[in-house]
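>>> Provide a 3D model corresponding to the input given below.
(one chain, ligands or ions: 2)
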Amino acid sequence: MLKLTNISKNFGGLQVLQDVNFTVPQGGIFGLIGPNGAGKTTVFNLVTGLLRASGGEIQFDGQDLGSVAPHKITKRGIARTFQNIRVFKEMTLLENVVVGMHDQMSYGFAGLLFNLGSYRRIEAKARDRALELLSWVRLDHKAEMLADSLSYGEQRKLEFARALATEPKLLLLDEPVAGMNPSEKTELMTEILNIKQRGYSIFMIEHDMRFVMGLCDRIAVLNFGRIIAEGTPDQIKNNPEVIEAYLGKEEME
Ligand SMILES: Nc1ncnc2c1ncn2[C@@H]1O[C@H](COP(=O)(O)OP(=O)(O)O)[C@@H](O)[C@H]1O
Ligand SMILES: [Mg+2]
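Numbering: from 1, shown residues only. Ligands and ions are numbered 1, 2, ... in the order given. Down below sits the predicted model:
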């Protein structure tokens, strides 16, 4: 579904990705793991068109994404969440999801429209779909509340609903459980599995080894900008190079 071929990325003299190759298959959950600074978020930024690769090719459903603008990549069916939560705290949950439907606009511009009040009357169809998406993450009962009133874990779930509002085929999640306590993590794991069962393909970056091992069908491991292993969770767990890369790191315990 999503294929990276010989991808490299430099920032000035800094080579962040080197010769990265992997394919995210349709259906299921694909995980990209690796230590901090390995280049994981950079992969998402390349796939979503926020950054351009220094070399190599990215294909989605057989089509090259190399020079496609970010909003057109969204239209082709790729949505993402960010490592740092980005919700509009002064808007209701419902409004946040409707903004997702208008993701073609920049976040700043969409936010401005909302603040001007011109979107306060949300059309019925958009509202129904937004409520449905909120119900998928079990937040529909809070639809009219301000996002500011949500817990950290709930804000993550709101982000999922907003990303799904662009009607993607592939959902990219950047460290969805970062900063969460164990019970929030378990709950979010259930939500991610629910989204998968609805037929979405998921490509997830995660730092928490235990979390990805339990969730992913396949995993690629990035270390210092290179893919050092790819396979099923069991293959990854038992790969000597992966153990080496994580040796002494808390995530491996
Ligand atoms: N826009 C950028 N400009 C310069 N350096 C960057 C940029 N984005 C990321 N980097 C650098 O690239 C490396 C990998 O970053 P990142 O992809 O965020 O890693 P990860 O998500 O695996 O923690 C880091 O050294 C980071 O400082
Ligand atoms: Mg990152």
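>>> List, one by one, the residues from this structure near ligand 1.
Counting by C-beta under 6 Å from any ligand atom, the chain comes close to ligand 1 at Phe11, Val16, Gly34, Asn36, Gly37, Ala38, Gly39, Lys40, Thr41, Thr42. In this view, the C-beta of every residue, glycine as well, is placed from N, C-alpha and C.
>>> What pLDDT does the model give the fifth one?
If I follow you right, that is Gly37. Predicted confidence (pLDDT) at Gly37: the value is 92.
>>> one step back: among the residues of the chain next to ligand 1, which are located in strands?
Within those, residues falling in strands by DSSP state E are Phe11, Val16.
>>> Among the residues of the chain next to ligand 1, find me the one that's closest to Gly199.
Nearest to Gly199 among the residues of the chain next to ligand 1, counting by C-beta to C-beta, is Lys40 at 25.2 Å.
>>> quick one: secondary structure of the closest residue to Tyr200 other than its chain neighbours?
Among residues not flanking Tyr200 along the chain, Leu171 sits closest, at 5.3 Å (C-beta to C-beta, 6 or more residues apart in numbering). Under DSSP: H, G, I helix; E, B strand; the rest coil, Leu171 falls in the strand class.
>>> contacting residues for Leu171?
Applying C-beta atoms under 8 Å, 6 or more residues apart in numbering to Leu171 gives the contacts Ala79, Arg80, Thr81, Phe160, Ala163, Leu164, Ile195, Tyr200, Ser201, Ile202, Phe203.
>>> which residues does the closest residue to ligand 2 within the chain contact?
Across the chain, no residue is closer to ligand 2 than Thr41, which sits at 3.2 Å (C-beta to the ion). By C-beta under 8 Å, 6+ apart, Thr41 lies in contact with Gln83, Asp174, Ile205.
>>> Could you double-check that the second one sits in contact with Thr81?
Yes: counting by C-beta atoms under 8 Å, Asp174 touches Thr81, with 6.0 Å between them.
>>> need the strands for the chain, in chain order.
According to DSSP E, the strands that the chain contains are 2-11, 14-24, 29-33, 55-60, 63-64, 78-80, 170-174, 201-206, 218-223, 226-231.
>>> Now distance to Leu131 and mean pLDDT too, for those, in CSV please.
Supplementary listing: these in CSV, determined by distance: least, C-beta to C-beta, whole Å; pLDDT from 0 to 100:
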stretch, distance to Leu131, mean pLDDT
strand 2-11, 30, 98
strand 14-24, 30, 97
strand 29-33, 26, 96
strand 55-60, 29, 98
strand 63-64, 33, 96
strand 78-80, 19, 95
strand 170-174, 19, 97
strand 201-206, 23, 96
strand 218-223, 33, 95
strand 226-231, 39, 96
